[in-house]
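Asks: Build the 3D model from these lines:
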Amino acid sequence: MTSAPPPDPDEPSAGPSGGPQASARERDELDELRHRVRALESTGQSPATRRHWFRPTGSFLLILLASLLSLLAVVSVWANSIVRDTDRYVATVGPLASSRDVQKAVTDRVTTAVLAQVDVEKLVKELEQAAAQRGAPPKAAELLGNLKGPITSGLKSLVGDTVERVVSSSAFDTVWVNANRRAHSAIDKALTGESDSAVSVKNGQVAIDLGPIVAQVKERLVSAGFKPAARIPAVHTQFLVFASEDVDEIKWYLRVLEIMGSWLPLIVVLIAAAGVYLAVHRRRALIGAALGVFTAMLLLGIALTVLRSVYLDHLPAGASDAAAGAVFDSLVRFLRAGVRAVGAVALVTAAGAFLVGPSRVAVLTRTGCRRAIGALRDVSLSAGLPLGAVGRFVHRYKRWIGGVILVVAAVVLFTWTYPTVAVVVWTLVIVLVAFAIREFLDSGTPDTPSAATPSPSTPAA
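Replies: From the prediction side, this is the model:
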């Protein structure tokens, strides 16, 4: 009499026909039991592990350092893009040309500069002389002498309307963008401590020369019939972009961040990975690292809001609060976008690490998704969809396929030049679809049978 070998728990249970095929529900339950056993085994700590207290401590310190450095990493990428990427800089300051607050500030500044070059008293004297030469009575000449006030008011209105038309026209957008594109190298010099004719750093202020705008206004005034405008000399008036008593220190910080911009994000990822690898419970450490980065991004967003209020409170006298606020918002627009994108990646990472864990919510979520996809697969198989070798291949290398999907998603996000929340969301959607396709193609049958099925004619012994 022979005895049959004990069944292998890793082999699929035999179906009614004696084959190795197990039902979808049994496979789900078996996978969940294995996952829970591994989770329970990982929670147990040997005495040697308990003695090695430096592992959790070192992991905590590395994750904390990575979370703090993530603040500098986001700011450094932003600073690096402003200094080195001309297109990025133009995209940052370009919308300012359409800002009503900035247009009003530029209009007031240029109008004041033009009126300062017009001698109204000289114009009145020229009118008196012209009237006298034409034989006007003395009374008429005296009346002309009293026209200084009305002439000044009318001239201010004429110049102001002309400047406003220039600044609010589509041509101003082109002039503004082209001027900033040409001045980008000067911005680089300004941030690194040097100066240029287009951009100057003096007395804690960063300003742009509005001379080309004044020249356009001069041409329009002459074309409108105001001949004295032809005598206006070249005027180099400044539009204040940034003002701070600490601009020298800011330049130094920006320079350091600009140098680190290419390497700091990679350093942060490596430090966080080292912290997770050193941890006793790596999945929990991954969740902690992701939440730490998310908290850092939240603090950075709050800091930008506070910094805006502090900046506006310390503007020099005569500066436009509305225009300064618009400039600040435009300069940090992509920085805020980067903060949101990194925060979204951190949240997605924390959620993914949680959903692969042994908690009841995670188990129910995975089981529900797996059963829904399994039901769709069963319907497709009943309709004649052949999975065949593809299904067996996916079943055999299921974990490897999942790892490749995650690696590809990480590479896409890390190499994307300037990722946004939309990029993160679409990457997440594609990853979820890829995992759903992987689950759908998993036929649940091994690539090769592990044991031969006994023939019905074999004695039962």
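Asks: ok now do Leu71, which residues does it touch?
Replies: Leu71 makes contacts with 296-297, 299-300, as judged by C-beta atoms under 8 Å, 6 or more residues apart in numbering. Placement of C-beta: from N, CA and C, glycine included.
Asks: After the strand or helix carrying Trp78, which helix or strand is next?
Replies: When elements are assigned from DSSP states H and E, Trp78 belongs to helix 54-84. Scanning the chain past helix 54-84 towards its C-terminal end, the next helix or strand to appear is helix 86-93 (assignment: DSSP H and E).
Asks: Show me which positions of that next one end up buried.
Replies: For helix 86-93, a neighbour-count test (16 or more other C-beta atoms under 10 Å) marks 86, 88-93 as buried.
Asks: Can you name every helix or strand that it contacts?
Replies: Identification of packing neighbours for helix 86-93 by 3 or more C-beta pairs under 8 Å, 6 or more residues apart in numbering; DSSP states H and E yields helix 54-84, helix 170-182, helix 184-191, helix 321-331, helix 333-355.
Asks: quick one, the longest one and helix 333-355 angle?
Replies: Inter-element angle recorded for helix 54-84 and helix 333-355: 150 degrees (by axes from the mean of the first three to the mean of the last three C-alpha atoms, to 10 degrees).
Asks: Need the mean per-residue confidence for helix 54-84.
Replies: The average of the pLDDT scores along helix 54-84 is 87.
Asks: Report the angle between it and helix 321-331.
Replies: Between the axis of helix 54-84 and that of helix 321-331 there is an angle of 120 degrees, by the same axes, to 10 degrees.
Asks: For this protein, just list every one of the strands.
Replies: Using DSSP state E, the strands of the chain run over 199-202, 205-209, 238-243.
Asks: Nearest residue to Ile430 in space, please, no chain neighbours.
Replies: Of all residues not flanking Ile430 in the chain, Ala409 sits nearest, at 7.4 Å (C-beta to C-beta, 6 or more residues apart in numbering).
Asks: My guess is the one you found contacts Thr427. True?
Replies: Yes - under the criterion of C-beta atoms under 8 Å, Ala409 is in contact with Thr427, at a separation of 5.4 Å.
Asks: Mutual contacts of the two, please.
Replies: Common neighbours of Ala409 and Thr427, counting by C-beta under 8 Å, 6+ apart, are absent.
Asks: So for Val394, what's the pLDDT?
Replies: Among the per-residue scores, Val394 holds a pLDDT of 88.
Asks: which residues sit against stretch 330-345?
Replies: The list of residues contacting stretch 330-345 from outside it, by C-beta under 8 Å, 6+ apart, reads 70, 74-75, 77-78, 81-82, 88, 91-93, 95-96, 99, 242, 293-294, 297-298, 300-301, 304, 308, 413, 418-421, 423-425.
Asks: actually stretch 88-95, not the one I typed
Replies: Taking C-beta under 8 Å, 6+ apart as the criterion, the residues outside stretch 88-95 that touch it are 81-83, 173, 176-177, 180-181, 184, 187, 330-331, 333-334, 418.
Asks: for it, what is the average pLDDT?
Replies: Regarding stretch 88-95, the rounded mean pLDDT is 82.
Asks: pLDDT below threshold where in the stretch 201-350 of the chain?
Replies: By pLDDT under 70, the low-scoring segments of the stretch 201-350 of the chain are 201-212, 225-231, 233-255, 257-259, 261, 318.
Asks: now the helices for it?
Replies: With helices called from DSSP state H, counting those that start in this stretch, the stretch 201-350 of the chain shows them at 211-223, 247-260, 264-278, 282-313, 321-331, 333-355.
Asks: Now render those as JSON lines, adding mean neighbour count.
Replies: Formatted as JSON lines, the entries for the helices of the stretch 201-350 of the chain read as follows, by neighbours: other C-beta atoms under 10 Å:
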{"stretch": "helix 211-223", "mean neighbour count": "18"}
{"stretch": "helix 247-260", "mean neighbour count": "16"}
{"stretch": "helix 264-278", "mean neighbour count": "18"}
{"stretch": "helix 282-313", "mean neighbour count": "17"}
{"stretch": "helix 321-331", "mean neighbour count": "18"}
{"stretch": "helix 333-355", "mean neighbour count": "19"}
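Asks: Serialize those helices to TSV and add fields for distance to Ser168.
Replies: Conversion of the helices of the stretch 201-350 of the chain to TSV gives the following (distance: least, C-beta to C-beta, whole Å):
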stretch	distance to Ser168
helix 211-223	12
helix 247-260	31
helix 264-278	41
helix 282-313	25
helix 321-331	15
helix 333-355	22
